[in-house]
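Participant: Here is the input, now give the coordinates:
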Amino acid sequence: MLRCLHPWWLSGGGAGLRLLQRHLFTMKVQSPEFQSLFTEGLRSLTELFAKENHELRIAGGAVRDLLTGVKPQDVDFATTATPEQMKGLFQAAGVRMINNKGEKHGTVTARLHNENFEITTLRIDVVTDGRHAEVEFTTDWQRDAERRDLTVNSMFLGFDGTLYDYFNGYEDLKNKKVRFVGHAKKRIQEDYLRILRYFRFLV
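Facilitator: Take a look at the predicted model:
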């Protein structure tokens, strides 16, 4: 069970709303759970992106699970490639793409060796209304991490085992602390469902 560090997240006062220190922490992960992800499909996917010099990393909840010794049921991927670039490399390789509804928000789903892989372009939220967002694509990993909900969900993992942690997510995970990335009030106003996700980690 994770615990809340401070109960200030619902208050409107500015005193409790502080931006977490921005820095990059890296370490190597080589656990059995991580190694078990390397199926034939994933190896083919990483080779395609590496061939075109596009960065590709595991993102979000799957990284959190791996760091706690759990093999994730769902693995999301983040990339510096735009949706058009992804479609181009998949088409050139004869890879089937399915469910194109996510392209507007940067997500392309490819099917390799009977596995589906959901890959999303790094992005910045430009306009939000409490549930939906208009996004702008970026190649800056930290800017993408800044838009995520909780520090423990804001980490990335490279396929060489390098963990990329910009907001102390690894330390918070070890210490069972739940923190929003940056200003809690702002994160909640961007997407009100984040309140539910916050409480899910407290129980």
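
Participant: what residues are up against the nearest residue to Gly106 once chain neighbours are set aside?
Facilitator: Distances taken as CB to CB, 6 or more residues apart in numbering put Thr121 closest to Gly106, at 3.6 Å, once the chain neighbours are dropped. Placement of C-beta: from N, CA and C, glycine included. Taking CB atoms under 8 Å, 6 or more residues apart in numbering as the contact definition, Thr121 lies against Ala78, Thr79, Thr80, Ala81, Thr82, Pro83, Met86, Gly106, Thr107, Phe137.

Participant: Quick check, pLDDT for Thr121.
Facilitator: Here the pLDDT value assigned to Thr121 is 97.

Participant: Let me see the backbone angles for it.
Facilitator: The phi/psi pair for Thr121 (degrees, to the nearest 10) reads phi -70, psi 140.

Participant: can you check Phe38 too?
Facilitator: phi -80, psi 70.

Participant: Going by neighbour count, list what's buried in the helix or strand containing Leu48.
Facilitator: Using DSSP states H and E, Leu48 sits in helix 40-51. Buried positions in helix 40-51, judged by neighbour count with 16 or more other CB atoms under 10 Å: Gly41, Leu42, Ser44, Leu45, Thr46, Leu48, Phe49.

Participant: OK, contacts around the fifth one?
Facilitator: When the contact criterion is CB under 8 Å, 6+ apart, the partners of Thr46 are Leu56, Phe159.

Participant: Give me the distance between it and Arg200.
Facilitator: 31 Å (CB to CB, to the nearest Å).

Participant: related to what we said a few turns ago, who does the residue nearest to Gly106 bridge with?
Facilitator: Thr79 (DSSP bridges).

Participant: Okay, now the unreliable bits of the protein?
Facilitator: 1-22, 127-133, 184, 187-192, 194, 198-199, 201-203 (pLDDT under 70).

Participant: run the last query once more with 90
Facilitator: Along the chain, segments meeting pLDDT under 90 span 1-23, 99-105, 124-135, 147-149, 180-203.

Participant: Strands of that one, residue ranges please.
Facilitator: 3-4, 25-28, 56-59, 76-79, 96-98, 107-112, 115-121, 123-128, 133-137, 156-157, 162-165, 177-178 (DSSP state E).

Participant: who does the fourth one touch, helix- and strand-wise?
Facilitator: This points to strand 76-79. strand 56-59, strand 115-121 (3 or more CB pairs under 8 Å, 6 or more residues apart in numbering; DSSP states H and E).

Participant: Hmm, Tyr170 and Leu67 touching each other?
Facilitator: Yes: with contacts counted by CB atoms under 8 Å, Leu67 reaches Tyr170, the gap being 6.6 Å.

Participant: okay, and the common contacts of these two?
Facilitator: Joint contacts of Leu67 and Tyr170 (CB under 8 Å, 6+ apart) are Met155, Leu163.
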